[in-house]
Every structure is written in C-alpha cells, then in structure tokens.
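> For reference, the sequence and a predicted model appear below.
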Amino acid sequence: MSWRQGVRRLAGTGALLAGGLLALGCAIPTQSDPVSIAPSRVPFGLLNKHPPTTTTTLPKPSALVPVKVFFLNSNAGNQLTPANRVVSAPAPLSTILSALLAGPSSAETGIGITTAIPSDVSVLSVTTTAPNVVTVNLSSGFGQITGSATEEAVGQVVTTVATENGAATGVIFEIEGQRISVPVANGSQVQGPVTLSELQPPA
C-alpha cells in the first residue's frame with residue numbers, strides 16, 4: 001500500500017469517527033422545561049419523606065443551690081458564724097458537711113474566719129436515723145481534736161446540720177462507724193443526739 005492510499009484510509013476513518021460523534025450528539029435529548037419522573041425510576045432513598053437527622057445531646061449543667069456552713073469568728077471570741085456556699089442539687093447533708101470540712105476560703109481567713117476541724121477530716125457517711133436525728137460518721141482525724149476546739153468543732157457540725165435539716169435536729173457523732181461521746185456547753189460528755197440547745201452555755 002502506497003503512502004497516498006494510507007492517507008486516504010486515515011482520512012476516511014476520521015470522517016467516520018466525526019460522523020459517529022455527531023450522531024451521538026444528536027441522540028442526547030434536551031428540554032427547557034422540568035418534567036415529572038415516575039417514582040419507580042427515582043433512586044432508592046431519594047423519596048424518603050423523613051430523611052435521617054443527626055442530633056447532638058449536650059449534658060445539662062448541674063444545678064447549684066445555696067447553703068450555709070458555720071465557721072468560727074476569731075475576732076469575736078470564736079463565735080459560730082455562717083458562711084455562704086453553693087453545692088450541687090439536691091444538696092444532701094453529706095455534700096454540705098464536705099463544704100464545711102473544706103474550711104474557710106482565703107478571703108474569709110483574711111478577716112479572721114477560722115475552723116476547729118482539721119483539714120484531714122472527711123465525711124464518711126450521713127444517715128437520717130429518725131425524723132430529727134442525723135448520724136454523722138467522720139474519719140479518724142476528728143478524734144484527734146483536743147481541748148476547747150472539740151466543743152467548737154461539734155458546734156460547727158451541729159449548727160450546720162440543724163440549719164439545713166431543722167432547728168430541732170439532733171446529731172449523733174461517729175468516728176469510723178463507732179459512736180462517740182462529745183462535749184457540750186454545760187461541760188459534760190454526751191453520746192447525743194446533740195441539739196442546738198445543748199450548744200448554749202448555761203445561764
């Protein structure tokens with residue numbers, strides 16, 4: 001085959017390809033207006049009237065409630081003095097007493113507010129054993145308090161509990177689950193329940 005015949009053959013092939021492409025282009029339908037598509041021809045899932053949604057649930061912040069705990073005012077002869085605290089609802093007595101045992105803030109210490117309860121004392125449990133009787137179980141550090149500080153520490157606990165639970169509430173003290181005797185204002189040692197009235201010195 002001469003080179004001229006090859007050129008003619010390539011030219012003919014190109015013409016055929018061009019003609020085929022032109023025919024294909026003419027075969028693609030076009031329209032200017034939208035038309036309805038039968039449901040049977042719609043891809044699966046696109047007809048879902050309620051498409052899945054993704055939601056993120058954020059945890060609700062814990063509600064805080066105000067409570068009062070009682071410390072000592074060194075500027076007034078270590079008298080019991082209230083201090084405001086906020087704790088997580090529903091503010092069980094164990095949480096309120098833990099706030100008491102955390103001690104005064106640095107700002108409170110700066111104005112003479114102190115505590116008779118050492119920082120190593122913790123609340124082990126608080127149980128309401130009768131409508132007006134609360135048993136407070138403390139760690140062994142509470143037993144290391146001596147002298148007048150013991151009566152002051154008892155006063156802090158009893159006043160804090162009674163303020164929350166009612167003035168008629170009596171407190172039984174335990175250390176590591178063992179009931180103990182504690183001093184009251186008249187100088188005696190009692191196993192409780194200790195009430196607010198027993199914190200008042202005799203007239």
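Alright, I've got the coordinates.
> Pull the number of nearby residues for residue 154.
Using other Cβ atoms under 10 Å, residue 154 has 25 neighbouring residues. In short, each C-beta sits where N, CA and C put it, glycine included.
> Contacts only, for it.
Going by Cβ atoms under 8 Å, 6 or more residues apart in numbering, residue 154 touches 173, 182-184, 194, 199.
> In strands, which of those residues fall?
In strands, judged by DSSP state E, the following of the contacts of residue 154 are found: 173, 182-183.
> could the residues you listed be laid out in JSON lines, adding pLDDT, distance to residue 203 and neighbour count?
Listed next are the ones in strands among the contacts of residue 154 as JSON lines, based on pLDDT from 0 to 100; distance: Cβ to Cβ, whole Å; neighbours: other Cβ atoms under 10 Å:
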{"residue": "173", "pLDDT": "98", "distance to residue 203": "26", "neighbour count": "24"}
{"residue": "182", "pLDDT": "97", "distance to residue 203": "22", "neighbour count": "23"}
{"residue": "183", "pLDDT": "95", "distance to residue 203": "19", "neighbour count": "19"}
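> re the thing from before, quickly name whichever of the contacts of residue 154 is closest to residue 101.
residue 173 (13.7 Å; Cβ to Cβ).
> By mean pLDDT, point me to the weakest helix or strand of the protein.
One helix or strand of the chain scores below all others by mean pLDDT, DSSP states H and E: helix 3-27, with a mean of 44.
> continuing past that one, what's the next helix or strand?
Downstream of helix 3-27, the first helix or strand assigned by DSSP states H and E is strand 64-73.
> contacts for the following helix or strand past that next one?
Remark: after strand 64-73, the chain's next helix or strand is strand 79-88, criterion DSSP H and E. The contact list for strand 79-88, computed with Cβ under 8 Å, 6+ apart, reads 62-73, 95-96, 99, 104, 108, 113, 155-156, 159, 163, 199.
> Direction included, what does strand 79-88 pair against?
Take DSSP bridges as the rule and strand 79-88 pairs in its sheet with strand 64-73 (antiparallel).
> for the strand it pairs with, which positions count as buried?
For strand 64-73, a neighbour-count test (16 or more other Cβ atoms under 10 Å) marks 67, 69-72 as buried.
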